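Trainee: just a sequence and a predicted model for now, questions to come.
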Amino acid sequence: MIEVIIRLFMSLKALITGSSTGIGYQYAKYLALQGWDLELISQNEERSIISKENLSYENAKFHTYDLGKKESIQFIVENIDVPDLIVANAGIAINGAIGELSREDKEYYYYLMCGGVIDLIEGFVPRMIEKGSGRIVIVSSIGATASMPKSSLYSSIKAGIYAYGKSISTELRKKNVSVTVSLPGYVRTNAHERSGLGHLMKKVPWWMWVNPEQVVKETEKASIKGKAEIIPGLVYKLVRPLLGLQPAIHVWQKLTKKT
Ligand SMILES: NC(=O)c1ccc[n+]([C@@H]2O[C@H](COP(=O)([O-])OP(=O)(O)OC[C@H]3O[C@@H](n4cnc5c(N)ncnc54)[C@H](OP(=O)(O)O)[C@@H]3O)[C@@H](O)[C@H]2O)c1
């Protein structure tokens, strides 16, 4: 409600990471329709240009940085004015059994989807507190709460940022800064194809896929309400209590097996 009133007099600004495709792009589209000013960050120049053409929105600035690098986050925090909403979404699927990933890769992925998200948030939060308002959305994954064989690194990274988000949600509530962690299941984006997990698009049944538009709608609604977490999609809300159980792990293993 307060946001709606503010928007009548001045524009609000959102910073979205991973905005070129998938969930981040849909988030940008959703907020553009509501007149937000947008700072959009992704890595690949070509995909950023395509997203700019597709979004076709004059109140958006497009930046390209590798968010797996500390200097990128430092530059963003030092050079972009404090936003009213941060959507920490950038990420990739990680395919790899135990011992298969190099130490460099593990550190890079951890920074991209956990350490760097923490640095980004902590770089802006003091100014949000000073302003007396702000919202933060972290896109984690339902994998944070489940056993993910051959994606253990991904699962642990997403669990780390989930725990961080839930904790700061309580901590910042009194300061009028809300933090919402979104835990999507399988979402129809290019993420799996990009990470060599394209077989999942065929193997995982259609009813287990949620559209990115729905993820955004449910996540944004939860964030506005100040909820600490949201699981987008009915199917994942229903199965969440079962995810840690052995039969569910067995089914997951069968569904995600390459052959
Ligand atoms: N799809 C799913 O099933 C699913 C499920 C649960 C959670 N998630 C999470 O949702 C988030 C978005 O994923 P998505 O499915 O929308 O994937 P996507 O379509 O592949 O989009 C990923 C976005 O992150 C950006 N990105 C990746 N690495 C980056 C880097 N090093 N620096 C800057 N930007 C980078 C990409 O930019 P470029 O185009 O420049 O590479 C792109 O904009 C991720 O955190 C993912 O883990 C996805």
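Mentor: That came through fine. On a predicted model such as this, the values are computed, not experimentally measured, just so you know. Numbers count the residues shown, from 1 in each chain.
Trainee: what about the strands in the stretch 151-259 of the chain?
Mentor: Counting by DSSP state E, counting those that start in this stretch, the segments of the stretch 151-259 of the chain that form strands are 177-182, 186-187, 209-210, 229-230.
Trainee: now do the nearest residue to R240 once chain neighbours are set aside against the ligand, distance only.
Mentor: In this structure, R240 finds its nearest non-sequential neighbour in I231, 5.9 Å apart by Cβ to Cβ, 6 or more residues apart in numbering. (C-beta placed from N, C-alpha, C; glycine too.) Using Cβ to the nearest ligand atom, to the nearest Å, one obtains 11 Å as the distance from I231 to the ligand.
Trainee: and the strands of the stretch 151-259 of the chain, which is most packed in?
Mentor: For those, average neighbour numbers computed from mean count of other Cβ atoms under 10 Å are highest in strand 177-182, which has a mean of 26.
Trainee: can I get the strands of the stretch 151-259 of the chain in JSON lines including mean pLDDT?
Mentor: Putting the strands of the stretch 151-259 of the chain into JSON lines (pLDDT from 0 to 100) gives the following:
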{"stretch": "strand 177-182", "mean pLDDT": "98"}
{"stretch": "strand 186-187", "mean pLDDT": "96"}
{"stretch": "strand 209-210", "mean pLDDT": "96"}
{"stretch": "strand 229-230", "mean pLDDT": "98"}
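Trainee: put together TSV for those strands, with distance to D105 on each row.
Mentor: Rendered in TSV, the data for the strands of the stretch 151-259 of the chain read as follows (distance: least, Cβ to Cβ, whole Å):
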stretch	distance to D105
strand 177-182	25
strand 186-187	23
strand 209-210	27
strand 229-230	28
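Trainee: gap between S51 and the ligand?
Mentor: 8 Å.
Trainee: give the contact list for that residue.
Mentor: With contact set as Cβ atoms under 8 Å, 6 or more residues apart in numbering, S51 has these partners: S19, S20, T21, Y25, A28, L40, S42, F62.
Trainee: do the same with G123
Mentor: When the contact criterion is Cβ under 8 Å, 6+ apart, the partners of G123 are I73, Q74, I76, V77, E78.
Trainee: excluding its backbone neighbours, what's nearest the fourth one?
Mentor: Distance criterion Cβ to Cβ, 6+ apart; nearest residue to V77, sequence neighbours excluded, is G123 at 3.0 Å.
Trainee: next SSE downstream of the host helix or strand of that neighbour?
Mentor: Mapping G123 onto the secondary structure by DSSP states H and E places it in helix 116-131. The element immediately downstream of helix 116-131 (helix or strand, assigned by DSSP H and E) is strand 134-139.
Trainee: can you give me the angle that following strand makes with helix 116-131?
Mentor: Between the direction of strand 134-139 and that of helix 116-131, the angle (axes from the mean of the first three to the mean of the last three Cα atoms, to 10 degrees) works out to 170 degrees.
Trainee: can you list the strands that strand 134-139 pairs with?
Mentor: Strand 134-139 sits in its sheet next to strand 85-88 (parallel), strand 177-182 (parallel), going by DSSP bridges.
Trainee: stretch 11-27 and the ligand in contact?
Mentor: Yes: Stretch 11-27 lies within reach of the ligand by Cβ under 6 Å from any ligand atom, at G18, S19, S20, T21, G22, I23, G24.
Trainee: out of those, grab the one that's most surrounded.
Mentor: For these, counting by other Cβ atoms under 10 Å, the largest number of neighbours falls to S19: 31 neighbours.
Trainee: can you pull the phi/psi pair for that one?
Mentor: Summarising the backbone geometry of S19 under the convention degrees, to the nearest 10, its torsions are phi -90, psi 0.
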